[in-house]
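Participant: Quick one, what's the 3D model for this:
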Amino acid sequence: MQRETFRSRMGFILVSAGCAIGLGNVWKFPYICGQYGGAAFILIYLVFLVILGIPVLTCEFAVGRASRRSVAGAFEKLEPRKTRWHSLKYIGIGGCYMLMMFYTMVGGWMLYYCFRSIRGDFSGATPQDISDAYYGMLQDAPTMILWTVIICIIGFAVCFFGLKGGIERISKFMMIVLLIIMVALAVHSVTMEGSGEGIKFYLIPDISKITDNGVGNVVFAALSQAFFTLSLGIGAMLIFGSYIDKQQSLTGEAVSVTVLDTFVALTAGFIVIPACFSFGIQPDSGPNLIFVTLPNIFAEIAGGRIWGSLFFLFMSFAALTTIIAVFENILAFNKDLFGWSRNKSVAVTCPLMIALSMPCVLGFNVLSSLQPLGEGSTIMDLEDFIVTNNLLPLGSLGYILFCTRASGWGWDNFIEEANTGRGLKMSKSLKNYVSYGVPFIIIVIYLKGYYDKFSPMGMLTVACWMAVALLLLVYVMYCAGALGKRR
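Facilitator: Below you'll find the predicted structure:
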């Protein structure tokens, strides 16, 4: 069967960007930026986005376009005989499933808050009312289940109609509406009384903010955010590379997707940070910023019901574009592994995905006594830790090694694929940097992420978890043929 392709280059860019543009951009970026000094943090973030994000994204696109398969079959198609690179596919398959096991729930939260904002639930509400509404939602298992099921059905319904008729058409529409809403919200936010200090904080670098937070902490936070914002490492971007033709160079396409992704993240900051300063609220209040702090702001401003509804509609679209993209990956796994049709794959996978999402949903209420990462943690924290701290960096490391090592696909094959077509080319002089510099950065991110996660728990805990990290790292290096002999 001939592989589906995008109707247009713009469709590819918008769908790929929609996958990258998720809640990490519009939820995490503003409060991380607020925690680490605004503009000073952004400058470092942009540098790492260029030197780390674009090379890894180009590798994913290249493996996808050259193989014309999902991550479930890409390594088998391109790897040399009697090598074990194909074992890396389990990182991608497991990563996509586990990401959706908690991402669908958070996407359901966004839809629920959009519904409540349109209904006017937060109009005239007190701060205590808004806080109680958020924590009450977490305790309300039936409500959480309902909205998780709704967003799963919407996502698979779009995928059911195929790449052009469903995914490309709907994602393009949502991305265009998302961008329009974001610009409107940003303009409204920066024109609010008292927003000037927020704009100054956001746009004018203050080096003292870096030293106050610790240079190492700020640099690592910026590096990590740049790395994770593009959804790299689990094949979520690879699949769209497999759907495009060879008319455009992949480095240029990676830059286009990265620029659009960055624009959304920076615009989200313009929505949130000036509004916070306008109301004397610190923009570093963490994940609760979206569900508690901002609804309080909307409750106090003129037309708050409209602006709140638009904000959560935009957040819902940001979540849905990623959910649809990753669902498409999962459907492609079934085609590559089992030969299933799209219809059969949707019929089987939709109820399976709903069932797999339930532990995370119930982890906030019925199963709240389970605290897998220590006191106060939830099942969502465990799933997020497995994906964010493990599968994304290890998967990205696998792609870089596969594309640069002679025992893998190899630099010559990779650079030829990446530079085929019109547009920006990747210089061959970057071979040593991509081959050794990028893997070094990824390994540093990976190991430091473990240390930061568990260092408050004591040296014995740190030692145990670092041992787990090293074992997982050894597994990836083994699959890459860097350890031991080939089969």
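Participant: Not counting its own residues, what contacts stretch 138-153?
Facilitator: 104-105, 107-109, 111-112, 137, 319-320, 323, 350, 353-354, 357-358, 361-362, 364-366 (Cβ atoms under 8 Å, 6 or more residues apart in numbering). (Each C-beta comes from the backbone N, C-alpha and C, glycine too.)
Participant: For PyMOL, write a command that selects the buried ones of those residues.
Facilitator: To isolate the buried members of the contacts of stretch 138-153 in PyMOL, using 16 or more other Cβ atoms under 10 Å:
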select buried, resi 104+105+107+108+109+111+112+137+319+320+323+350+353+354+357+358+361+362+364+365
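Participant: Tell me the buried residues in the helix or strand hosting residue 478?
Facilitator: Using DSSP states H and E, residue 478 maps to helix 459-479. For helix 459-479, a neighbour-count test (16+ other Cβ under 10 Å) marks 462, 465, 469, 472, 473, 475, 476, 477, 479 as buried.
Participant: can the residues you listed go into JSON lines with extra columns for pLDDT and distance to residue 20?
Facilitator: JSON lines is the format used below for the buried residues of helix 459-479 (pLDDT from 0 to 100; distance: Cβ to Cβ, whole Å):
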{"residue": "462", "pLDDT": "86", "distance to residue 20": "32"}
{"residue": "465", "pLDDT": "88", "distance to residue 20": "29"}
{"residue": "469", "pLDDT": "91", "distance to residue 20": "26"}
{"residue": "472", "pLDDT": "92", "distance to residue 20": "24"}
{"residue": "473", "pLDDT": "92", "distance to residue 20": "25"}
{"residue": "475", "pLDDT": "90", "distance to residue 20": "26"}
{"residue": "476", "pLDDT": "92", "distance to residue 20": "23"}
{"residue": "477", "pLDDT": "89", "distance to residue 20": "27"}
{"residue": "479", "pLDDT": "88", "distance to residue 20": "25"}
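Participant: any idea where the helices of the stretch 301-450 of the chain begin and end?
Facilitator: 304-338, 342-362, 379-386, 392-404, 411-419, 431-432, 438-454 (DSSP state H, counting those that start in this stretch).
Participant: Out of these, which is closest to residue 133?
Facilitator: Nearest of the helices of the stretch 301-450 of the chain to residue 133, taken as Cβ to Cβ: helix 304-338 at 12.4 Å.
Participant: which residue packs closest to the spatially most central residue of the chain, ignoring adjacent ones?
Facilitator: The centroid of the chain falls nearest to residue 231 when counting by Cα atoms, centre = their mean (4.0 Å). In space, and not counting its chain neighbours, residue 231 is closest to residue 20: 5.1 Å by Cβ to Cβ, 6 or more residues apart in numbering.
Participant: Could you do residue 270 as well?
Facilitator: Nearest one to residue 270, counting by Cβ to Cβ, 6+ apart, is residue 186 at 4.1 Å.
Participant: who touches the one you found in this structure?
Facilitator: 267, 270, 271.
Participant: of these, closest to residue 256?
Facilitator: Closest to residue 256, out of all of the contacts of residue 186 and judged by Cβ to Cβ, is residue 267, at 16.7 Å.
Participant: ok so, going back, highest neighbour count among the contacts of residue 186?
Facilitator: Ranked by neighbour count (other Cβ atoms under 10 Å), these have residue 271 at the top, with 25 neighbours.
Participant: Residue 308 is in contact with that one, correct?
Facilitator: No. Residue 271 is beyond contact range of residue 308, at 11.9 Å (criterion: Cβ atoms under 8 Å).
Participant: Just give the number of residues close to residue 348.
Facilitator: There are 14 residues near residue 348, going by other Cβ under 10 Å.
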